[in-house]
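> Quick one: sequence and predicted model below, then my questions.
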Amino acid sequence: MTQTDPLAPYDAVLVLSYGGPQGPEDVLPFMRNATAGRGVPDARLLEVSGHYAGFGGVSPINARNAEMLTALRAELARRGSRLPVVIGNRNWHPFVSESLRSLAEAGARRVLSMTTAAYGSYSGCRQYREDTAAALAQLAAGTDGSTGQGREADAAARVGGAGGEPVSLTVDKTRPFYNTPGMLTANVDAIVAAFSELEAQGVPAAGVRLVLVTHSVPVAMEEGSSPGALGAARAGVPGLVEAPEGTSGADSSQGHCLQASGPETVPPEPGVAADLSTEISYVEQHQRLIEVLVPEVTRRLGLDHPPHHDLVYCSRSGPPQARWLEPDVNDHLEALAAGRLVDGSPTPVPAGVVVAPVGFVADHMEVVYDLDTEAKDTAARLGLPYARAATAGSHPAFITSLADLLLERAAVARGETVTPASTTGTGPFHTVCPQGCCRPAASQAAHQPSSARPGQPHHPAEPAAHPRNGGKPMTEHPNQPSGHHAAGATHPHAPAPEGTGPDAAGIHRFNDEVRRPHHDPRDATDVDFDAVNNQKHYALYTVFRLQRPLPSLEDVRRKLVGESTYFVEQSEVTTRGWYDVAGLRSDADLLIWWLDDDPEKLLDANHRLRASALGRYLEPVWSCMGLHTPAEFNAKHIPACFGGVAPRDWLMVYPFVRSYDWYLLPAEERSRIMAAHGRNGFSRYPDVKGSTLAAFGMSDYEWVLGFEADSLDRLEGVIHHQRYTEARLHVRVDTPFYTGVRVSPAEWAERQPRS
C-alpha cells in the first residue's frame, strides 16, 4: 500500500457482523455461540431455531453481507483504494479472530473496523470492540485455535511465528452511521416504495400508518448507551468541551461527509467527541433520525400532513422480570387494529401499515422472520394491509455513505481536520470511546466461539448460564481492553509494559477497563417483584472434593470437562456459576450453583454430574437446596440470583439456623431487628448481592445464603461488619462457609493437579 491510497494509514478494512449459519449442520452450534452465557439448553435451541429450516439452514445475513461487501469494495475501488475489505463475525465463520489472522498473515498491521450496526449501544458497538480485543489477545498468545491440534500447536503457529515476537496489530473503529445521508436516503426510498405498494392495492397513502421498527434491548443497556449527560458525569467530563484537534463540528448537509484539510501538528489519533451533549442514547438516535425522515417521506409522497408514525421494537429476549424496550411490533399492531395504542390512548384504525426496519441495515433472520413472517401474519389476522419496507442493504446512497465514513476515519488517523456529516446534527461522532461509554460494569469478555460442526468434537468451554444471570458468560477474564489494541500486548490483566499504559500515545485504554466497578448497569431494572414472588424458584449448592488428579493430557482434560458439562446441561437447569474453593477450604475444590423452578431438575443435574466422566473424579462434600419464599417484612427483597442480577466474581455460601426464641418474638420486634441488620450491612456494602433462601426440611438448616461481590475483601467486610448487630444474638448455626472465585469449567480443570 502506498500513501496515495485514500484509506492510508490503514492496511485493510474489517467489517464486523453477527454471523449466521451456512447450512443445516451449522444451526445448533451457531445458536450455542449466539446464546453463550444465557443457559439455554440444546432442546430449547432446537425449538426456536426452526425458522432456519425454511431457508435450508442458511441465514439470509450471509448473502446480504456478501452483497454489501461487494458494493463497498467497488465504491472504494472507484475512489482509488485497493485495500482488502473482509468480514469477521461474532458467532460464526469467519470469526473475528480468523479474519484478523488472515489479514495479519497477509501483512496488515493497522486495520480499520466498521460494524454492520448503525446505532451506538453495547450490542451494536462496544461488544464488537470486546470481540476484537479478545481476538487480538488470542492471536498474540497463540490461543485462537487456528490449527485445531491443541494449544502448543496453536502457539507455534501464532502470527509472527514460533519463538518470535508476535506482530503488532492495531484495530481502530469508525463512528456509528445512523446519521449519515445514505442511511436517510435509503430508508426514505424504501418507505416510499412500500407506500406505493399499498397504493397499488387500493390503500390510500393518507390512511397508512408508518411503523418504524428496531431491535429491542434491555432498558439498562439503553440507559448506558450514551456517553452524553450520564456518561460525561460518569467519566468526569463536562457536557460541553472544546472541539479536539482533528475534528470540527458536525455538518448536517446532505453532501458527502469528508471535508479534510492538510495534516496538522496534532496527535495522530484524536477521535474523541467534540461535544458530549450530542452523543445521544440508542433510543434518542432513532428518534432523531425519525425527525428528519418523516418530513422527507411526507414530501416525497405529496401528503398534506405527516403520516401517523411510531417507534416500536422486535426480537425481545431475556428473563421476564427484566425490562426491555417496548412496545413489541406485534402488540402494537394488535392495539392499532383495536383503535388504540398499547398504552390505551385512542388512535384511528389505519387503512394499512408500512413496517420499516430502520434499526437494521440488512435482511437478516430477525427481519425476515420477525417482520416478514410473524408481524405479517399478525397483520393478516387483524385484516390490516401490510407492506414491509426494505433495509438499507446495498442501496447506492448507503454504500456511498459507508465509504465516506471509512475515508473520514482514515483522515482523522492522518491527523487531518474532518467535519463529519450528520443529517440529525447529533452523534455519536467519537471513534475513541469515552470512558464508560456503553459499558456494562460487569463487562463480559467475548466468548470463545464454538466452531464445531456435527462430526467434530464440541467441548463447551463453559456451562450454560441463564438470562437471569444477567447475560454474563462464564469467562476467565471479564474485563477486556478496548478495541484499539496491539496483538503483541501483554495479557489483559498483566501489568502494562512501560510506554503502553492507558496514557500512552496510540493506545486507547481507559481506567474503567482495568477493574470494573461494583455497580453493574446490566443488572435488571424495574424488576417485577410479584412475578418473582408468585413462582417457586429453587437453588442447589453442591460442593465437591477432587479425589484424584485429572488426566495429564490437555485434550483429554478438555474432552472430559466438555462432555461432562454438556451432559449436565441436558437437565436444562441454569448454571449460576462454577467456583474454585480450593485453598479457602482444605476439604473442598469445587462449588457449583444451579437454579431452576423444578427441584427435580436440580437433582437431575447433580445426578448427571456424579454420573459423568468428570464426576468419577469428584467426591461430594456438602450440598444444600433452598427455595425462594417472599420476604416476611419486605416483598421487594428478592434473591439476587432470581432478580436479574449478574453474577459477580466471588461467591460466599453459608447456611444458618435462627435461635429458638426468634420465631416467638413479636413480628414488629423481628422487623425492627432485621431492618437495623440490613441498614448496618448494606449501607456500607451496597455492591454485595445477597440471595437468601429457605431450607426448612430440605437439610439440617433453616436458611442458606449466598453473597456475591466483585472482590473477596467486600465479602469479608460485610460478614465482619454484620457481627456488630443485634440480629447476631438470634443465630445458633452459621457454618460451614464455602467461598470461591467464579471460573469456567475449563479454567477450573486447568487449576487442578494432574496425573
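That came through fine.

> Would you mind confirming that residue 561 is in contact with residue 745?
Yes - if you go by Cβ atoms under 8 Å, residue 561 and residue 745 touch, sitting 4.9 Å apart. Any C-beta I mention is one placed from the backbone N, CA and C, and that applies to glycine too.

> what stretches of the stretch 651-755 of the chain score poorly on pLDDT?
Scanning the stretch 651-755 of the chain for pLDDT under 70 picks out 682-683.

> In this structure, what helix or strand scores lowest on average pLDDT?
In the chain, the helix or strand scored least confidently by mean pLDDT, DSSP states H and E is helix 511-514, which has a mean of 30.

> Next SSE downstream of that helix?
helix 529-533 (DSSP states H and E).

> Only C-alpha atoms, please: export that following helix in CSV.
C-alpha atoms of helix 529-533 as CSV (Å, rounded to 0.1, in the frame of the first residue of the first chain):
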residue,chain,number,x,y,z
PHE,A,529,-41.4,-8.4,42.2
ASP,A,530,-44.9,-10.0,42.1
ALA,A,531,-43.8,-12.3,39.2
VAL,A,532,-40.7,-13.4,41.2
ASN,A,533,-42.7,-13.9,44.4
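
> So which bits of the next helix or strand after that helix are buried?
The helix or strand immediately downstream of helix 529-533 is strand 538-546, counting by DSSP H and E. By neighbour count on 16 or more other Cβ atoms under 10 Å, the buried set for strand 538-546 is 538-546.

> list the helices and strands strand 538-546 packs on?
Here strand 538-546 touches strand 590-596, helix 599-611, strand 618-627, strand 689-694, strand 703-709, going by 3 or more Cβ pairs under 8 Å, 6 or more residues apart in numbering; DSSP states H and E.

> by how many degrees do it and strand 590-596 diverge?
With axes from the mean of the first three to the mean of the last three Cα atoms, to 10 degrees applied, the angle from strand 538-546 to strand 590-596 works out at 160 degrees.

> list the buried ones in the next helix or strand after strand 538-546?
On the C-terminal side of strand 538-546, the nearest following helix or strand under DSSP H and E is helix 554-569. Within helix 554-569, the residues that count as buried by 16+ other Cβ under 10 Å are 557-558, 560-569.

> Likewise for stretch 583-591?
Across stretch 583-591, burial judged by 16+ other Cβ under 10 Å covers 584-585, 588-591.

> any idea which of these is closest to residue 225?
Residue 225 lies nearest to residue 591 out of the buried residues of stretch 583-591, by Cβ to Cβ, at 35.2 Å.

> My read is that residue 341 contacts residue 333, right?
No - Residue 341 is beyond contact range of residue 333, at 11.2 Å (criterion: Cβ under 8 Å).

> So the two - more neighbours on which side?
The neighbour comparison of residue 341 against residue 333 (other Cβ atoms under 10 Å) goes to residue 333, with 25 against 15.

> A helix includes that one, no?
Yes - if the criterion is DSSP: H, G, I helix; E, B strand; the rest coil, then residue 333 is within a helix.

> if I look at it, how far off is residue 313?
Using Cβ to Cβ, to the nearest Å, residue 333 is found at 13 Å from residue 313.

> Roughly how far does residue 294 sit from residue 95?
Applying Cβ to Cβ, the value for residue 294 to residue 95 is 39 Å.

> So those two - more neighbours on which side?
residue 95 (24 against 18).

> So what does that one look like in phi/psi?
phi -70, psi 160 (degrees, to the nearest 10).

> Check what pLDDT it gets.
In this prediction, residue 95 carries a pLDDT score of 94.

> does it really touch residue 86, like I thought?
No - if you go by Cβ under 8 Å, residue 95 and residue 86 don't touch, sitting 11.9 Å apart.

> how's the chain carved up into domains?
What automatic domain parsing lists as the domains of the chain is 12-178+397-409+424-441+476-514, 183-256+265-388, 529-750.

> Low-confidence ranges, this protein, go.
Residues of the chain meeting the criterion pLDDT under 70: 1-3, 37-41, 145-158, 160-165, 227-277, 318-322, 434-436, 439-522, 524-526, 682-683.

> center of it, which residue is that?
Centroid-nearest residue in the chain, with Cα atoms, centre = their mean: residue 123, separated by 5.0 Å.

> how distant is stretch 697-710 from the center of its chain?
Distance, stretch centre to chain centre, for stretch 697-710: 30 Å (Cα atoms, centre = their mean, to the nearest Å).

> now swap in stretch 543-559 and tell me
Its chain's C-alpha centre and that of stretch 543-559 lie 31 Å apart, by Cα atoms, centre = their mean.

> sorry, back to before: include distance to residue 214 when you put the helices and strands packed on strand 538-546 into TSV, please.
Putting these into TSV (distance: least, Cβ to Cβ, whole Å) gives the following:
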stretch	distance to residue 214
strand 590-596	31
helix 599-611	36
strand 618-627	40
strand 689-694	31
strand 703-709	33
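
> Those: which one's closest to residue 69?
The minimum distance between residue 69 and those falls on strand 590-596, with 42.3 Å, by Cβ to Cβ.

> now for the closest one, which elements pack on it?
Under the contact criterion of 3+ Cβ pairs under 8 Å, 6+ apart, strand 590-596 touches strand 538-546, strand 574-580, helix 599-611, strand 650-658.

> of all these, which lies closest to residue 627?
Between residue 627 and those, the shortest separation by Cβ to Cβ is 5.4 Å, and it involves strand 538-546.

> quick one: the closest one to chain centroid distance?
28 Å.

> relative to strand 650-658, how tilted is it?
Counting by the same axes, to 10 degrees, strand 538-546 lies at 110 degrees to strand 650-658.

> mind listing what strand 538-546 pairs with, with the direction of each?
Take DSSP bridges as the rule and strand 538-546 pairs in its sheet with strand 590-596 (antiparallel), strand 618-627 (antiparallel).

> Export these as TSV, with columns for distance to residue 201.
Below are these laid out as TSV (distance: least, Cβ to Cβ, whole Å):
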stretch	distance to residue 201
strand 590-596	50
strand 618-627	57
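
> Buried deepest among those strands, which one?
A comparison of the strands paired with strand 538-546 by mean neighbour count, using mean count of other Cβ atoms under 10 Å, puts strand 590-596 on top with a mean of 25.

> Convert that one to PDB, retaining C-alpha atoms only.
The C-alpha coordinates for strand 590-596 follow below in PDB (Å, rounded to 0.1, in the frame of the first residue of the first chain):
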ATOM      1  CA  LEU A 590     -15.300 -27.100  43.600                       C
ATOM      2  CA  LEU A 591     -18.700 -25.400  44.300                       C
ATOM      3  CA  ILE A 592     -21.400 -25.400  41.700                       C
ATOM      4  CA  TRP A 593     -24.600 -23.200  41.900                       C
ATOM      5  CA  TRP A 594     -27.600 -24.300  39.900                       C
ATOM      6  CA  LEU A 595     -31.000 -22.700  39.600                       C
ATOM      7  CA  ASP A 596     -34.400 -23.900  38.400                       C
END
